[in-house]
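K.L.:
Give the three-dimensional model of this entry:
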Amino acid sequence: LREVDDVGPAVAESIRAFLDAPENRAAIGGLRERAVEPEPVGDTGDGEDGFAPLDGLTFVFTGSLSVPRSDAQALVERAGANATSSVSGNTDYLVAGENPGRSKRDDADANDVPVLDEAAFADLLADNGIDWPPA
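P.N.:
Down below sits the predicted model:
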């Protein structure tokens, strides 16, 4: 799986976990017994076609990024995530650009929220098949 373009360690692990689950294996077996032929699904990365690699994650952005923060927020939302303005215990990642706000970093520390710089954020997106910066 890791040799497939745009499949990073996180995506490969997710696919492997899905395929290892007994209930998923049974469902796949049932489909194969009925000669169901899978068809490729479009992959726009916008969640509209069922492709939501960041589904359930919550991001908060602070500081200046290489693109407007509103573009970064829209990108993660199209990929199934939530973008909020304040850090809480429900936040999965704080993305800190240049000159980040101190209060959000303090809140991240207090809530054990990982802080990503823009390069780490780009890596996380790449691991999930999402290009950074957005076009």
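
K.L.:
Please report the number of neighbouring residues for Asp71.
P.N.:
Residues within reach of Asp71, counting by other CB atoms under 10 Å, total 12. Every residue, glycine included, has its C-beta placed from N, CA and C.

K.L.:
again, but for Glu23
P.N.:
Using other CB under 10 Å, the number of residues around Glu23 comes to 7.

K.L.:
For it, give me the backbone phi and psi.
P.N.:
Dihedral angles of Glu23 (phi, psi; degrees, to the nearest 10) stand at phi -70, psi -30.

K.L.:
go on, Val67?
P.N.:
phi -130, psi 160.

K.L.:
Touching, it and Pro133? I think so.
P.N.:
Yes - Val67 lies in contact with Pro133 (CB atoms under 8 Å); the separation is 4.8 Å.

K.L.:
From Ile28, how far out is the closest residue in space to Asp92 that isn't next to it in sequence?
P.N.:
Using CB to CB, 6 or more residues apart in numbering and skipping the chain neighbours, the partner closest in space to Asp92 is Leu57 (4.5 Å). Distance, Leu57 to Ile28, using CB to CB, to the nearest Å: 26 Å.

K.L.:
in the host helix or strand of Ile15, what counts as buried?
P.N.:
Using DSSP states H and E, Ile15 sits within helix 9-20. Neighbour counts over helix 9-20 (16 or more other CB atoms under 10 Å) mark Val11 as buried.

K.L.:
Remind me what it packs against, helices and strands.
P.N.:
In this structure, helix 9-20 packs against helix 22-33, helix 118-127, with contacts taken as 3 or more CB pairs under 8 Å, 6 or more residues apart in numbering; DSSP states H and E.

K.L.:
Okay, and the most centrally placed residue in the chain sits in which element?
P.N.:
Most central in the chain under CA atoms, centre = their mean is Leu54, positioned 2.8 Å from the mean C-alpha point. For Leu54, there is no host helix or strand (DSSP H and E).
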